[in-house]
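>>> output the structure for:
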Amino acid sequence: MIITIASFKGGVGKTTTAVHLASHFAQKSSTVLIDGDPNRSATGWAKRGKLPFTVIDERVAAKQARNFEHIIIDTQARPEEEDLKSLVEGCDLLVIPSTPDALSLDAMIQTVQALKTLGADTYKILLTVIPPKPSTDGQQAREMLAQAGLPLFKTSIRRLAAFQKAALQGVPVYEVADARAKEGWKDYQAAGKEVSNASTK
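Okay, here's the model as predicted:
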């Protein structure tokens with residue numbers, strides 16, 4: 001299975017999503033994360049600690065990726081339309097993370113419009129960094145996207161300090177000593193199951 005994570009805006013949890021979906025699939029079989037972001041955020045995450053899967057640079061992906069059953073690709077932010085076409089054609093599912101704020105949603109809708117222009121339909125939107133109650137931002141964003149008929153994960157990813165701790169320590173969130181770390185991992189496990197279901201339909 002090849003899963004690509006892409007976004008037209010930075011700061012929406014793209015690398016966090018790539019790392020944790022890779023962690024989810026690594027529990028089942030051999031998994032590699034291809035770091036295609038110029039910032040090499042996933043590579044930095046791996047170097048700070050230990051991840052349960054292999055992280056490789058996109059420049060050596062062609063040679064090494066064939067040794068793994070699952071491939072997760074972390075792309076650069078704001079891909080050009082030409083890049084987007086290649087990303088869609090080269091994966092089983094394109095995951096588009098978006099935070100529930102207006103700027104991120106606008107950027108995400110631009111991505112979706114570009115995908116529709118390309119005739120692509122193998123993508124789903126993942127709402128991330130959802131603020132806790134009493135904020136209703138996450139629910140409002142979900143309702144807006146549902147009304148627009150856009151393909152949306154049932155799962156949302158909560159805004160938790162545990163994810164930042166995980167990045168700093170170079171580990172998946174479930175290895176962080178934080179009271180809410182298990183909640184964050186539970187969110188990504190649920191998203192991972194949805195990815196599996198979506199890619200087998």
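>>> give me the nearest residue to residue 138, chain neighbours excluded.
residue 130 (3.7 Å; CB to CB, 6 or more residues apart in numbering). (Glycine included, C-beta is placed from N, CA and C.)
>>> which residues does the one you found bridge with?
residue 158 (DSSP bridges).
>>> so who does it touch?
By CB atoms under 8 Å, 6 or more residues apart in numbering, the residues touching residue 130 are 99-100, 137-138, 156-159.
>>> wait, isn't residue 61 in contact with residue 35?
No: with contact defined as CB atoms under 8 Å, residue 61 and residue 35 do not form a contacting pair (9.0 Å).
>>> settle it for me: which of the two has more neighbours?
residue 35 (26 against 16; other CB atoms under 10 Å).
>>> reduced to three states, what does residue 29 come out as?
The three-state label given to residue 29 by DSSP: H, G, I helix; E, B strand; the rest coil is coil.
>>> give me the number of residues near it?
10.
>>> so the residue at the greatest distance from the centre of the chain, which of the three states?
Centroid-distance maximum for the chain: residue 134 at 25.7 Å, with CA atoms, centre = their mean. Per three-state DSSP, the secondary structure class of residue 134 is coil.
>>> in the protein, which helix is the longest?
helix 181-199 (DSSP state H).
>>> any idea of the mean pLDDT in that helix?
Across helix 181-199, the average pLDDT comes to 93.
>>> again with stretch 70-87
84.
>>> now the end-to-end length of it.
One end of stretch 70-87 sits 16 Å from the other (CA to CA, to the nearest Å).
>>> list the buried ones in that stretch?
Neighbour-count burial for stretch 70-87 flags 70-77, 79, 84-85, 87 (criterion: 16 or more other CB atoms under 10 Å).
>>> repeat that for stretch 130-137.
Using 16+ other CB under 10 Å as the test for burial, stretch 130-137 gives 130, 137.
>>> and it, how far out from the chain's middle?
21 Å (CA atoms, centre = their mean, to the nearest Å).
>>> and stretch 171-184, by the same measure?
The answer for stretch 171-184 is 17 Å, by CA atoms, centre = their mean.
>>> what of stretch 12-25?
With CA atoms, centre = their mean, you get 5 Å for stretch 12-25.
>>> repeat for stretch 52-67
With CA atoms, centre = their mean, you get 18 Å for stretch 52-67.
>>> run through who's touching the helix or strand bottoming out on mean pLDDT in the chain.
For the chain, using mean pLDDT, DSSP states H and E, the weakest element among its helices and strands is helix 81-89, scoring a mean of 80. Residues from elsewhere that reach helix 81-89 (CB under 8 Å, 6+ apart): 4, 6, 73, 75-76, 79, 94, 111, 114-115, 117-118, 120, 122-123.
>>> same thing with stretch 27-40?
Residues outside stretch 27-40 that contact it (CB under 8 Å, 6+ apart): 14-15, 18-19, 22, 25, 41-43, 51-58, 61, 64-65, 67-77.
>>> ok, now stretch 105-123?
Taking CB under 8 Å, 6+ apart as the rule, stretch 105-123 contacts 6-9, 12, 81, 84-85, 88, 91-96, 98, 125, 141, 144-145, 148, 150-151.
>>> right, I'll leave it there.
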